[in-house]
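*Asks:* no sequence for this one, just the structure:
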């Protein structure tokens, strides 16, 4: 199901990002989409959005009224389009994809590092430098500890996964030996 909503939201997010870049209002669009995402993700609003008996125009008006005047007119048009196509529930995913496009456009990659032990500042700096060289972009890195890795690190940057953990190597060995 999550893949389905991403498939639906991606064209909207890409079009919104293209328009935001064209009008040089990427930050304004990003802020407005984040606000609209929070509104649409609220459990009470999500319930109303999922209610097929409520008129879509009324939902659109309610969302825009809650968002207040901080939403640019073109973003309001997007909300109207989503309402007309019964796609208001995709707002959080559109906002997430828009933010990912913004970060990619700025040349920053978000990287999650799982390590068996806490990494010191020198190790973090060295790892960040190596990842920036490998990915060809500035790296925004979050580091978490996970003792279940047994040893080593696991790195995730979008679809790229580098598993240098002992657990990963054991799993690979078990797969090769058909255990």
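*Replies:* Arrived safely, thanks for sending. Since the structure is predicted, the reported quantities are computational estimates derived from the model, not experimental observations.

*Asks:* Can you show me the helices along this structure?
*Replies:* Ranges of helices in the chain, per DSSP state H, are 2-22, 26-41, 43-49, 56-67, 73-84, 91-105, 121-135, 166-176.

*Asks:* so what does the second one touch, helix or strand wise?
*Replies:* Under the contact criterion of 3 or more Cβ pairs under 8 Å, 6 or more residues apart in numbering; DSSP states H and E, the helices and strands touching helix 26-41 comprise helix 2-22, helix 43-49, helix 56-67, helix 73-84, helix 91-105. Using the backbone N, CA and C atoms, a C-beta is placed for each residue, glycine as well.

*Asks:* buried set for it?
*Replies:* The neighbour-count check on helix 26-41 (16 or more other Cβ atoms under 10 Å) flags 26, 28, 29, 30, 32, 33, 35, 36, 37, 39, 40 as buried.

*Asks:* Format those residues as CSV; extra columns: distance to residue 129 and pLDDT.
*Replies:* Output for the buried residues of helix 26-41, formatted as CSV (distance: Cβ to Cβ, whole Å; pLDDT from 0 to 100):
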residue, distance to residue 129, pLDDT
26, 28, 91
28, 34, 92
29, 32, 94
30, 28, 92
32, 35, 94
33, 33, 95
35, 36, 93
36, 37, 94
37, 34, 94
39, 40, 93
40, 39, 93
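
*Asks:* quick one: low-confidence ranges for this structure?
*Replies:* Along the chain, segments meeting pLDDT under 70 span 1-3, 179.

*Asks:* what's near enough to touch the residue nearest to residue 13 when sequence neighbours are not counted?
*Replies:* Closest residue to residue 13 apart from its sequence neighbours, by Cβ to Cβ, 6 or more residues apart in numbering: residue 97 at 3.5 Å. Listed by Cβ atoms under 8 Å, 6 or more residues apart in numbering, the contact partners of residue 97 are 6, 9, 10, 13, 14.

*Asks:* And those, which is closest to residue 57?
*Replies:* Residue 57 has its nearest neighbour among the contacts of residue 97 in residue 9, at 21.1 Å by Cβ to Cβ.

*Asks:* got the contact list for the residue nearest the centre of the chain?
*Replies:* By Cα atoms, centre = their mean, the chain has its centre lying nearest to residue 96, at 3.8 Å. Under the criterion of Cβ under 8 Å, 6+ apart, the contact list for residue 96 reads residue 37.

*Asks:* again, 10 Å this time
*Replies:* The contact partners of residue 96, by Cβ atoms under 10 Å, 6 or more residues apart in numbering, come to 6, 9, 13, 33, 34, 37.

*Asks:* wait, the second one sits on residue 100?
*Replies:* No - counting by Cβ atoms under 10 Å, residue 9 does not reach residue 100; the two are 11.1 Å apart.
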